[in-house]
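Q: have a look at this fold, sequence not included:
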DNA sequence: CTGAAAGCGCTTACAG
DNA sequence: CTGAAAGCGCTTACAG
């Protein structure tokens, strides 16, 4: 039988209330008493019972603020599904979420959202942070107040106190290169279409791709890297010019704008029926991308478990709040899953 | 605020005990009253609070029996990790597991284990069932008593009342064929090494493989299918003779005995340095297989989320027990994950 | 067949 | 600074 607060209280010769104060570092307790109780608890190997805790905190539910730059970005569909699934499962444990979705990437807007949540008294925050000093400042202020923060999908430098849950972008690029290496038997001329060199994730993917090419596939060459700013029309033009300028055997889309690029490939192929269509690789599996894979227009994609990102984000803050342990949870790097037509989920 | 038993009691003008009896189909209650209470509950959209339920059932913890034919089979390492992880997370909700691992495939032994658990009074059972009438009988007897049963990793025909959580073997074979088709640009002569045609899963993998070859890759030919009974020594000989008899361009191991087979490939290649090494595909990612992939001796493997199988197995019985709903949980088909050297986890 | 009470582990006002 | 009591939602003997 697991050890309870009641047992600790008996053992220490104090009331349960006092044990609670000690264990949860609440105010209004003699520091020496608190210290002794904590020692007893750790000797006895006490771990709080989450069912008990959940029931007791029923009166003031744990509010989790969520800030996602997700509007208009279908990648987040599965992330959101994961979040809502977890929220549903944890609602019996008096956990509630408050969602705030943003469009585009405006640091100021994001900072404002953080501060609003901060002053509205959320117990924890999940955010897809921009890698900006102003955002960092706001987050650090929250963390200082003891509010757990989860960085979802995009990391923010110099905020190691917050857990990161998301893709290992560098590895994602390496997987793409490895896959292409195997398909092409190590020989290829690759055109890369990215979102923006300024986006940390996009940049890291390309780095990982290039490093793997250099170390493992010396005969795989990069023709050029073009930026499409995640814009379909721009992506169409980038891709078109890449195809016209170089005799590409492969295309790697490492961000958004995939369907625009595919349109360029289709046209290129229609006008040059004798040429071999390049091998097309991309990232993630939005419903649009899935459709293009089914149609045979994309050969493979490297995914990052978006559902799990959302689900584990909520789960992680729940655990952090339930255990109120000073120990930081571990970062979670989701798997870089290879999907082809045959193992695509519905 | 969610609706509680107390509210239903007030609404119906009865005590909370009576509501409990009605909602959980306990004995000793006027059927008409029970019916009325259930109607009220469903109108109000009542769902039981798991934290409350968990705390209350603290006195007699839920015991989950687990029967795995896992001894000596490294595939189950990750399944076990998943099970223990879930057990740890759910122990606060008074869930306990009792593990019984078996060696080999003896239906009688399995049946005995089931009956022992049945009479020792477990609340639920998780099992890797053999596809045998005697096993089916024992399981159906448990199910009749209202004990939820989860079939883990292997399905058993004609027991639709039990949830299946595991691989879609047919699809696993199709993914292997699709992957090979892409790598080989649709042209290959494949040797297949399987465990036993009698094992449902092994058989289904081959079926899936063949069907995909026929429908999508007409120039991919199967040289022969050999059985190794999951035995390394036998696997070595099967593989050796396949390589000697046919000019294979690919090998597909769809069960155990992979390292024995690879030894044959290594020797074959050493004695014929001019010939191209066949492309090697297998299933799952035991630590042995991972090592062979890292060494470049296996090109790709199709995995089935063993950790998730274990974790979700426990989670599913927990949900079933907590909700005590008559509605059966949904079968879970885990993803057929493609792993190559570049996206292998540590 | 039904109700009132006690209890699961924890937290939270309230008294002192 | 500390303790006693009430309460979260649910279940379980026990009385009647």
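A: Structure's in. What do you need? Every value quoted in this text rests on a predicted model; they were computed, and no experiment measured them.
Q: chain center to stretch A:69-84, what's the gap?
A: When C-alpha coordinates are averaged (C-alpha atoms, centre = their mean, to the nearest Å), stretch A:69-84 and its chain have centres 11 Å apart.
Q: show the end-to-end separation of it, please.
A: Using C-alpha to C-alpha, to the nearest Å, one end of stretch A:69-84 lies 16 Å from the other.
Q: got it, and stretch A:273-282?
A: In stretch A:273-282, first residue to last residue: 23 Å (C-alpha to C-alpha).
Q: buried ones in it?
A: Buried positions in stretch A:273-282, judged by neighbour count with 16 or more other C-beta atoms under 10 Å in any protein chain shown: A:277-282. The C-beta positions use only the backbone N, C-alpha and C, and glycine is treated the same way.
Q: so what touches it?
A: Residues from elsewhere that reach stretch A:273-282, judged by C-beta atoms under 8 Å, 6 or more residues apart in numbering or on different chains: A:176, A:179-180, A:183-184, A:188, A:191, A:243, A:248-254, A:258, A:262, A:265, A:269, A:289, A:297-302.
Q: closest to residue A:26 among the buried residues of stretch A:273-282?
A: Nearest to residue A:26 out of those is residue A:282 (C-beta to C-beta; 51.2 Å).
Q: just say helix, strand or coil for the closest one.
A: When classified by DSSP: H, G, I helix; E, B strand; the rest coil, residue A:282 comes out as strand.
Q: same check, this time on residue A:17
A: helix.
Q: number of residues surrounding it?
A: 12 (other C-beta atoms under 10 Å in any protein chain shown).
Q: and for the one 5 residues further on?
A: Using other C-beta under 10 Å, the number of residues around residue A:22 comes to 25.
Q: what sits against it?
A: Applying C-beta under 8 Å, 6+ apart, the residues near residue A:22 are A:29, A:33-35, A:37-38, A:41.
Q: max pairwise distance over those residues: which two?
A: Farthest pair in the contacts of residue A:22, by C-beta to C-beta: A:29 and A:41, 13.7 Å.
Q: picking that back up, looking at the contacts of stretch A:273-282, which are in strands?
A: A:188, A:191, A:250-253, A:300-302 (DSSP state E).
Q: can you give me the helices in the stretch 101-250 of chain A?
A: In the stretch 101-250 of chain A, the helices defined using DSSP state H, counting those that start in this stretch lie at A:107-120, A:133-144, A:169-183, A:200-216, A:232-245.
Q: need those in CSV with mean pLDDT, distance to residue B:219 and mean neighbour count, can you?
A: What follows is those, written out as CSV (pLDDT from 0 to 100; distance: least, C-beta to C-beta, whole Å; neighbours: other C-beta atoms under 10 Å in any protein chain shown):
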stretch, mean pLDDT, distance to residue B:219, mean neighbour count
helix A:107-120, 94, 53, 16
helix A:133-144, 94, 55, 16
helix A:169-183, 97, 17, 25
helix A:200-216, 95, 29, 19
helix A:232-245, 96, 28, 19
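Q: just the ones in strands among the contacts of stretch A:273-282 now: which is nearest residue A:123?
A: Nearest member of those to residue A:123, counting by C-beta to C-beta, is residue A:302, at 34.9 Å.
Q: wait, what's in contact with that closest one?
A: A:172, A:175-176, A:179, A:281-284, A:336-339, B:343.
Q: same question, residue A:131
A: A:154-157, A:200.
Q: and for residue A:150?
A: Per C-beta under 8 Å, 6+ apart, neighbours of residue A:150: A:124-127, A:162-165, A:313, A:316-317.
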